[in-house]
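Asker: just need the structure, nothing else, for what follows:
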Amino acid sequence: MFGNGGARGKGKYRQVPHHDFSDSDSDEADDFISQQVRNQRQQMKEQDEGLEMLSQSADRLGMLSKNIHEELGHQNKLLDEMEEDLDTATTQLDFVTQKTRELIQRSGGKKNFLIIVGLTLVVIVLIILIIYT
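Answerer: Have a look, this model is predicted:
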C-alpha cells in the first residue's frame, strides 16, 4: 500500500532528508536569534523615541490651545466692552439728534434754518473779501 513501487525514490511518497544539526548550526541559530533580538530592541527604542517626540508635540499643542482659549476669552471681553460703549454713544447721538430736530422746529423749521446757514455763508464770504482787499 505504501510501497515505493520497487524502485527507490520513485514511489508516491518521498523520504524527507534528515539534517544533523551540529554545534555550528546551533551557533548560527543563536547568532540569528541574537541578531533578531537586537533588531527588535533597536526598533522598540526608535519607536519609544518617536512616541516621546509625539508626546512632546501633543503637550505643546495642548499649551498652545490653552493660550488661544485664554486670548479668545480676553478678546470677547474687550468686544463686549466695546459693544456697550457703542450702545452708549448711539444713545447719546440719538438724544442730540432729537434735540437738534426740536431746536429746528422751534426756530421755524427747515426753511428758517437754511436761511440762517445761507446768511452765515454770505457773512463768511464778505469777511474773506474784506481781508483780501
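Asker: after the helix or strand harbouring residue 26, which helix or strand is next?
Answerer: Element membership of residue 26, judged by DSSP states H and E, is helix 23-106. With elements assigned by DSSP H and E, the helix or strand that comes after helix 23-106 is helix 109-132.
Asker: quick one: that next one to chain centroid distance?
Answerer: Computed by C-alpha atoms, centre = their mean, to the nearest Å, the chain-centroid distance of helix 109-132 equals 61 Å.
Asker: give the rounded mean pLDDT of it.
Answerer: Averaging pLDDT along helix 109-132 gives 89.
Asker: show residues contacting stretch 121-131.
Answerer: The contact list for stretch 121-131 (C-beta atoms under 8 Å, 6 or more residues apart in numbering) is empty. For every residue, glycine as well, the C-beta is placed using N, CA and C.
Asker: restricting to C-alpha, output it in CSV.
Answerer: Written as CSV, here are the backbone C-alpha positions of stretch 121-131 (Å, rounded to 0.1, in the frame of the first residue of the first chain):
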residue,chain,number,x,y,z
LEU,A,121,-22.1,131.7,4.4
VAL,A,122,-22.6,135.2,3.0
VAL,A,123,-21.0,136.8,6.1
ILE,A,124,-18.0,134.4,5.8
VAL,A,125,-17.6,135.3,2.1
LEU,A,126,-17.8,139.1,2.9
ILE,A,127,-15.2,138.7,5.7
ILE,A,128,-12.9,136.9,3.3
LEU,A,129,-13.4,139.7,0.7
ILE,A,130,-12.6,142.4,3.3
ILE,A,131,-9.5,140.7,4.5
